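Q: below: sequence and its predicted model.
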Amino acid sequence: MKAIRALALAAAAALALSGCAGGTAAAPAAECGTADAFCIGLVTDSGKVDDKSFNQSAWEGVQAAVKAIPGSQSKYVETTDTKDYAANIKQFTDKKYNVVVTVGFLMTEATQAAAKANPNVKFIGIDQFQDTAKVGEIANLAGLTFPEDQAGYAAGVLAAKLSKTKVLGQVLGMQIAPVEKFAKGFEAGAKSVASDIKVITVYHPAGDNAFTDPAWGAAEAQKQLDQKADVIFGAGGKTGNGALGQVAKASGAGESIFCIGVDTDQWNTVPEAQKCLVTSAMKLISEGTADQIKAIKGATFKGGNVTGKAGLAEYHAFDSKVPADVKDAVSKVVADLKSGALQTGVKLG
């Protein structure tokens, strides 16, 4: 039975790799590992590549790089169990891919191990800070991280200025560093506007479904609405999307009750939330991923820690509903955070 199960798992892995092609050149692609090939593989964090948030943003970055690099090709593997991180990465290193992109803080250890074992492959670890004091220098790995606390802070300022009840909510994925930076930044930004404002914060329990549990997200958002929260920040992949969708169903959504998305401009990816979605706290994952892949192809890549960009999305249909003085104040906060004139004060640990 163990042998049969092993064969089944191997077949499933091969199917996942072969069935997830995207962004390939029109001409027949060169075989990965040959001189003419430039192959990019992406391993998602738990969840689908079309999660309308974190994984999707990374994959869109890969596709943007493929369009910019003639003859390049890309595939992805979706992780369904965190125990499979190393095996999923190995699918690409075994096929001698030039670049492997791994998505998420939880994949840090597996990515670092793979990079050390495959020095001829370039790795991009999204949300993966390299603690060189512990792991040493890994020249073929770039840890692409973002100032989530800055995007969260600006979103918190906006939320506090829009709130009438002085109660805000946050429905979050697992309590890991990037999510916590969003959350603490949001609360710091809100309290910079009104020190007595209440911020209700809930993290999803640890587990493989922490970022893929929209039902839990919706239920937690409703609890916060019941506690008079009138702006809710949903930050946690499909879990956060569930919260956004629930807020959109609330009485007063878009008039007296608002929601804020995360990672990408979720106006474009979560249309069911448009009724309440005033903005999104973005980290520009697509841009950062594409830039690193182009650097690899252009031989300007440097391993180590790389900081991407963050900010707020457009107001879209809410542009006329957000008072001009509020927009001006938020714009100044964003500019001051970018220049360093303003600090979020967020520290983890």
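A: All right, it came through fine. Being a predicted model, the structure only gives us computed values, none of them experimental. Residues are numbered from 1 along each chain as shown.

Q: dump the residue contacts of the residue positioned nearest the centre of the chain.
A: Nearest to the mean C-alpha position of the chain, by C-alpha atoms, centre = their mean, lies Phe54 at 3.0 Å. With contact set as C-beta atoms under 8 Å, 6 or more residues apart in numbering, Phe54 has these partners: Asp45, Gly47, Val103, Gly104, Phe211, Gly237, Asp263, Ile285. The C-beta positions use only the backbone N, C-alpha and C, and glycine is treated the same way.

Q: go with 7 Å
A: Asp45, Val103, Gly237, Asp263, Ile285 (C-beta atoms under 7 Å, 6 or more residues apart in numbering).

Q: after the host helix or strand of Gly185 comes which helix or strand?
A: Secondary structure from DSSP states H and E places Gly185 in helix 177-193. Downstream of helix 177-193, the first helix or strand assigned by DSSP H and E is strand 198-203.

Q: how about residues contacting that next one?
A: By C-beta under 7 Å, 6+ apart, strand 198-203 touches 166-172, 174-175, 183, 187, 190, 220, 224, 227, 229.

Q: now do the strands in the chain.
A: Per DSSP state E, the chain carries strands over the ranges 21-22, 38-46, 72-79, 99-103, 122-126, 141-145, 167-172, 198-203, 231-235, 258-263, 277-283, 304-307, 310-312.

Q: what about the fifth one, distance to the chain center?
A: It stands for strand 122-126. 14 Å (C-alpha atoms, centre = their mean, to the nearest Å).

Q: are any of the contacts of strand 198-203 buried, and which?
A: 166-172, 174, 183, 187, 190, 220, 224, 229 (16 or more other C-beta atoms under 10 Å).

Q: if we can go back for a sec, and of the contacts of Phe54, the nearest to Phe38?
A: Val103 (20.0 Å; C-beta to C-beta).

Q: and the angle for the helix holding Gly185 with strand 122-126?
A: 40 degrees (axes from the mean of the first three to the mean of the last three C-alpha atoms, to 10 degrees).

Q: returning to what we had before: which two of the buried ones among the contacts of strand 198-203 have the greatest separation?
A: Lys166 and Met174 (28.1 Å).

Q: picking up where we left off before, pLDDT-wise, what's the bottom of the buried ones among the contacts of strand 198-203?
A: The pLDDT minimum for these sits at Met174, where the score is 95.

Q: ok, the buried ones among the contacts of strand 198-203 vs Gln128, which is closest?
A: Met174 (15.3 Å).

Q: please look at the closest one and Thr212 and confirm they touch.
A: No. Counting by C-beta atoms under 7 Å, Met174 does not reach Thr212; the two are 10.8 Å apart.

Q: ok, the residue nearest to the centre of the chain to Ala159 distance?
A: Going from Phe54 to Ala159 by C-beta to C-beta, to the nearest Å gives 21 Å.

Q: could you do Ala299 as well?
A: Distance from Ala299 to Ala159, by C-beta to C-beta: 44 Å.

Q: more neighbours: these two, which one.
A: Ala159 (30 against 6; other C-beta atoms under 10 Å).

Q: what sits closest to the more buried one if chain neighbours are left out?
A: With C-beta to C-beta, 6 or more residues apart in numbering as the criterion, Ala159 has its nearest non-adjacent residue at 4.0 Å, and that residue is Val231.

Q: how many neighbours does the one you found have?
A: So Val231, with other C-beta under 10 Å, has 30 neighbours.

Q: check contacts around it.
A: Ala159, Leu162, Ser163, Leu168, Phe258, Ile260.

Q: if we go to 10 Å?
A: When contacts are counted by C-beta atoms under 10 Å, 6 or more residues apart in numbering, Val231 touches 155-156, 158-165, 167-170, 186, 190, 199, 224, 247, 256-260, 276, 278.

Q: same question for Asp50.
A: Asp50 touches Thr44, Gln56, Trp59, Glu78, Lys238, Thr269, counting by C-beta under 10 Å, 6+ apart.

Q: ok so, going back, and of the strands of the chain, who's closest to Val334?
A: That would be strand 310-312 among those, by C-beta to C-beta, at 5.9 Å.

Q: can you name every helix or strand that that closest one contacts?
A: Applying 3 or more C-beta pairs under 10 Å, 6 or more residues apart in numbering; DSSP states H and E, we find strand 310-312 packed against helix 148-162, helix 177-193, strand 277-283, helix 324-339.

Q: of those, which is nearest Ala86?
A: helix 177-193 (20.9 Å).

Q: so how far is the closest one off the chain centroid?
A: With C-alpha atoms, centre = their mean, you get 16 Å for helix 177-193.

Q: what pLDDT does Gly19 get?
A: On the pLDDT scale, Gly19 gets 37.

Q: can you list the buried residues in stretch 272-282?
A: Buried, per 16+ other C-beta under 10 Å, within stretch 272-282: Ala273, Gln274, Lys275, Cys276, Leu277, Val278, Thr279, Ser280, Ala281, Met282.

Q: pLDDT-wise, which helix or strand of the chain ranks last?
A: helix 2-18 (a mean of 39; mean pLDDT, DSSP states H and E).

Q: okay, now Val322: neighbour count?
A: Val322 has 17 nearby residues by other C-beta under 10 Å.
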